[in-house]
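Q: sequence first, predicted model second:
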Amino acid sequence: AVSRLVTVWEQLTARSGRDVAVSLRRGLPLDSLHSLPGAFRARLPRHVVASLLVHDGQEDDVGSLGLFFASARLLSLEEMRAQDAVEPVEGCLPLSTRVGFQQLLVREADGVVVLASGFNTHDKAPNLAALLERTLVDTM
């Protein structure tokens with residue numbers, strides 16, 4: 001899983017604009033993941049963990065250009081945890097910032113990336129790697 005995400009992230013970084021490329025944070029060291037509370041760590045799908053090892057979200061002070069729809073920004077692990085603590089979504093973890101009433105989430109049970117839009121959710125990709133691959137093909 002990590003090697004697939006490394007390849008996809010390298011391709012995205014190479015094709016994205018400078019603002020997106022410089023906004024991507026370095027990956028987390030394994031220590032950070034091991035120091036997470038076990039209950040939270042158990043909720044993270046493997047592909048999300050693999051992505052966090054490559055890039056821990058996007059900086060929010062580099063500009064308003066996010067990686068996803070309408071400049072939604074990829075959240076860091078700490079931002080995911082903080083948002084989940086304040087605004088939990090049953091069975092899901094946040095992946096992106098909320099833009100209007102839309103946000104990307106990952107379902108804990110099966111790792112599917114969903115777009116929450118108001119009261120509706122729509123499956124977007126079977127996992128984060130597939131979503132990033134689609135982003136690479138569709139928008140870059």
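A: That came in fine, so what should we check first? Residues are numbered from 1 along each chain as shown.
Q: for the residue most central in space within the chain, give me phi and psi.
A: Compute the mean C-alpha point of the chain, and by Cα atoms, centre = their mean the closest residue is L95, 3.9 Å away. Phi and psi for L95, reported as degrees, to the nearest 10, are phi -110, psi -30.
Q: look up the pLDDT of it for me, please.
A: Per-residue pLDDT puts L95 at 97.
Q: now it: how far from L67?
A: Per Cβ to Cβ, to the nearest Å, L95 is found 10 Å from L67. For the C-beta atoms, the positions are set from N, CA and C on the backbone; glycine is no exception.
Q: run through the helices of the chain in chain order.
A: With helices called from DSSP state H, the chain shows them at 2-15, 18-23, 30-34, 38-43, 46-54, 77-86, 128-139.
Q: helices or strands up against the shortest one?
A: Right, helix 30-34. helix 46-54 (3 or more Cβ pairs under 8 Å, 6 or more residues apart in numbering; DSSP states H and E).
Q: by how many degrees do the helix it packs on and helix 128-139 diverge?
A: 70 degrees (axes from the mean of the first three to the mean of the last three Cα atoms, to 10 degrees).
Q: chain neighbours aside, what residue packs nearest to R134?
A: Excluding the flanking residues, the one nearest R134 by Cβ to Cβ, 6 or more residues apart in numbering is A125, at 6.0 Å.
Q: just checking, the one you found touches V113?
A: Yes. Under the criterion of Cβ atoms under 8 Å, A125 makes contact with V113 at 4.6 Å.
Q: of these two, which one has the most company?
A: V113 (25 against 20; other Cβ atoms under 10 Å).
Q: identify the residues contacting the more buried one.
A: Counting by Cβ atoms under 8 Å, 6 or more residues apart in numbering, V113 touches 95, 104-107, 123-128, 130-131.
Q: make a markdown table out of these and add distance to V8.
A: Below are the contacts of V113 laid out as a markdown table (distance: Cβ to Cβ, whole Å):
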| residue | distance to V8 |
| --- | --- |
| L95 | 15 |
| L104 | 16 |
| L105 | 20 |
| V106 | 16 |
| R107 | 20 |
| D123 | 19 |
| K124 | 15 |
| A125 | 12 |
| P126 | 14 |
| N127 | 11 |
| L128 | 9 |
| A130 | 9 |
| L131 | 10 |
